[in-house]
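Participant: predicted model and sequence follow; I will ask about them next.
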Amino acid sequence: MKPPAFDYHDPRTIDDAIALLVRHGGEAQLLAGGQSLVPMLNFRLAAPAVLIDLNRIPDLAYIKEDRGQLCFGAMTRQRQVEFSPLVAHRLPLMIEATRLAGHLPTRTRGTVGGSIAHADPAAEYPAIVTALEGEMVVQGAAGKRVIKAADFFRGAFTTAIDPGEILVEIRMPVTPDHSGWAFEEFSRRHGDFAIVETAVMLTFDANRRCRAARVAVSGAGAIPLRMPAVERMIEDSDLSEKIIVEASAQAAELIDPATDLHASAGYRRHLTRVLVRRALTRAAAQARGRN
Amino acid sequence: MAEPRKISFTINGMVRDGQAEPRRLLADFIRDDLGLTGTHIGCEHGVCGACTILFNGAAVRSCLMLAVQAEGADLRTVEGLASADGQLDRLQQAFRDHHALQCGFCTPGMLMAAWDLLRVNPTPTEDEIRTGLSAVLCRCTGYQGIVEAVKAVAGQRHAAR
């Protein structure tokens, strides 16, 4: 089908975009890369009276390192992330996840901020920012505020961004020394949204024991789930195979999956156990190799 | 209904002007307003990839863009691959040599996606080719010939090194 009619604005600055958003209130919808919104317009699942296109705001597209964090402008293309030497060097987990997000032609347009603001329960970037305790910077007429990942995702397709606010930046800590990481997902076809996925970051100490663990699972509930109970089982351990098996079984216990068209709850639980085990195994081997 | 906007962009090396309502999809503008019907529309929600074109040199789904977003851009469609005298591009020739099309509906999307794949990775492995081509669906399921065609072009580049 074709999109319904809408008024269209393509502001050149963040301030102009916010002014338009304030003026049009709930009538307006922000357009980022359009790889989720335009299909919804074509299907007429979304029918905003006003579309505010963020694609001509150069100030929203950048990747930079600042005080131990990698900062992504919200309109940074996924394709730019995929080929960024800075991201490859400082946050390679992000590259791994990016290659699983859609296909090269959708990553040409798709953005970091669009994926996170859309908050699809099975999208890759929300899982990463949740695992790494990232921060989202939103801006409205009253200025900026920073929202931690744990407070950001409120439900499927629902975030803590207020009406009148725009997501402008996403920040994640750069990879510590002596770390290993892995992003594992299962989908029916390459490029599809995952049925279940997991992001893992492990940091070892000089004695080859795990100093810090971060584990998040997505697709097994409405929002990405960080798993402190699993992390505690891993931290201060040597990540033996026994511990990895126990920790991944624990992860499968912690989720509250739904049965839908794509997979049963039991299958999602099974996938969680398998994928967390794979991710922990791979991340631990990598961390040891870099020690 | 929102007022049409004037737009102007370069497509296959030629500057084209027109008017488009904001809701007009780029794929429809290319086909219906410019008459370039080589770009096909399959699913209209970004899944099938038949409408893939190059937007400022990189592959995009033209059914997931608005025509007004192409203002000032440099586009290339399947019509822009062969030279002016009709000589097929090397990738098109490889498709022909390897029987890489059956009904032909997905072919423009396959060609443009493969073009972009070979641009970012001139010497892909078969796995990388299969991953890259998963961006476009062929319902004749003639994937083997398509993979062979892209492999052949990548192989020529391997040999040229």
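Facilitator: Sure, I can see it.
Participant: residue 88: which element?
Facilitator: With no chain named, the answer covers chain A. Here A:Ala88 sits within helix A:85-90, counting by DSSP states H and E.
Participant: next, the contact list for A:Phe6, please.
Facilitator: Residues in contact with A:Phe6, defined by Cβ atoms under 8 Å, 6 or more residues apart in numbering or on different chains, are A:Ala47, A:Pro48, A:Ala49, A:Val50, A:Leu51, B:Ala2, B:Pro22, B:Arg23. C-beta coordinates here come from the backbone N, C-alpha and C atoms, glycine included.
Participant: please, which helix or strand holds the most centrally placed residue in chain B?
Facilitator: Nearest residue to the geometric centre of chain B (Cα atoms, centre = their mean): B:Met112, 3.0 Å. Per DSSP H and E, B:Met112 falls inside helix B:107-120.
Participant: contact partners of the next helix or strand after that helix?
Facilitator: Using DSSP H and E, the helix or strand that follows helix B:107-120 in sequence is helix B:126-133. By Cβ under 8 Å, 6+ apart, the residues outside helix B:126-133 that reach it are A:103-104, A:190, B:110, B:113-114, B:117, B:121, B:124, B:143, B:146-147, B:150-151, B:154.
Participant: on that earlier part again, so what's the residue nearest to the centre of chain B up against?
Facilitator: Here B:Met112 is in contact with B:Thr52, B:Ile53, B:Leu54, B:Ala59, B:Arg76, B:Thr77, B:Val78 (Cβ under 8 Å, 6+ apart).
Participant: next: B:Val136.
Facilitator: B:Cys48, B:Gly49, B:Ala50, B:Thr52, B:Cys106, B:Gly109, B:Met110, B:Ala113.
Participant: please report the number of neighbouring residues for the closest residue in space to it that isn't next to it in sequence.
Facilitator: Among residues not flanking B:Val136 along the chain, B:Gly49 sits closest, at 3.4 Å (Cβ to Cβ, 6 or more residues apart in numbering or on different chains). Per other Cβ atoms under 10 Å in any protein chain shown, the neighbour tally for B:Gly49 reads 28.
Participant: B:Gly49: which element?
Facilitator: B:Gly49 belongs to no helix or strand when assigned by DSSP H and E.
Participant: now swap in the one 4 residues further on and tell me
Facilitator: Assigned by DSSP H and E, B:Ile53 belongs to strand B:52-55.
Participant: ok, and does that strand reach over to chain A?
Facilitator: Yes. For strand B:52-55 and chain A, the contact criterion (Cβ under 8 Å from any Cβ of the partner chain) is met by B:Thr52, B:Phe55.
Participant: do the worst-scoring helix or strand of chain B on mean pLDDT and chain A meet at all?
Facilitator: Ranked by mean pLDDT, DSSP states H and E, the weakest helix or strand in chain B is helix B:143-160, scoring a mean of 88. No. Helix B:143-160 does not reach chain A (Cβ under 8 Å from any Cβ); its nearest approach is 12.4 Å.
Participant: report the buried residues of stretch A:265-277.
Facilitator: Going by neighbour count (16 or more other Cβ atoms under 10 Å in any protein chain shown), the buried part of stretch A:265-277 is A:Arg268, A:Arg269, A:His270, A:Leu271, A:Thr272, A:Arg273, A:Val274, A:Leu275, A:Val276, A:Arg277.
Participant: again but with stretch A:174-190, I slipped
Facilitator: A:Val174, A:Thr175, A:His178, A:Ser179, A:Gly180, A:Trp181, A:Ala182, A:Phe183, A:Glu184, A:Glu185, A:Phe186, A:Ser187.
Participant: farthest pair within those residues?
Facilitator: A:His178 and A:Ser187 (31.3 Å; Cβ to Cβ).
Participant: thought B:Phe95 was touching B:Thr107?
Facilitator: Yes. With contacts defined as Cβ atoms under 8 Å, B:Phe95 counts as touching B:Thr107 at a distance of 6.9 Å.
Participant: ok so, going back, with respect to A:Arg23, which of the contacts of B:Val136 is nearest?
Facilitator: Nearest member of the contacts of B:Val136 to A:Arg23, counting by Cβ to Cβ, is B:Thr52, at 36.2 Å.
Participant: count the residues that sit near that closest one.
Facilitator: 34.
Participant: and what of A:Asp59?
Facilitator: Applying other Cβ under 10 Å, we find 12 residues neighbouring A:Asp59.
Participant: so who does it touch?
Facilitator: Neighbouring residues of A:Asp59 by Cβ under 8 Å, 6+ apart: A:Thr13, A:Ile14, A:Gly73.
Participant: before we move on, back to that, what is the strand holding B:Ile53 packed up against?
Facilitator: Here strand B:52-55 touches helix A:104-109, strand B:58-61, strand B:74-76, helix B:107-120, going by 3 or more Cβ pairs under 8 Å, 6 or more residues apart in numbering or on different chains; DSSP states H and E.
Participant: in TSV, list the ones you listed along with mean pLDDT and distance to A:Ile170.
Facilitator: Output for the helices and strands packed on strand B:52-55, formatted as TSV (pLDDT from 0 to 100; distance: least, Cβ to Cβ, whole Å):
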stretch	mean pLDDT	distance to A:Ile170
helix A:104-109	98	16
strand B:58-61	98	22
strand B:74-76	98	29
helix B:107-120	97	24
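Participant: what's the most buried one of these?
Facilitator: Sort the helices and strands packed on strand B:52-55 by mean neighbour count, taking mean count of other Cβ atoms under 10 Å in any protein chain shown, and strand B:58-61 sits at the top with a mean of 29.
Participant: that one pairs with which strands?
Facilitator: According to DSSP bridges, strand B:58-61 forms sheet pairs with strand B:52-55 (antiparallel).
Participant: give me the contact list for the strand it pairs with.
Facilitator: Contacts for strand B:52-55 (Cβ under 8 Å, 6+ apart): A:105, A:108-109, B:26, B:30, B:39, B:59-62, B:65, B:70, B:73-78, B:108-109, B:112-113, B:115-116, B:135-136.
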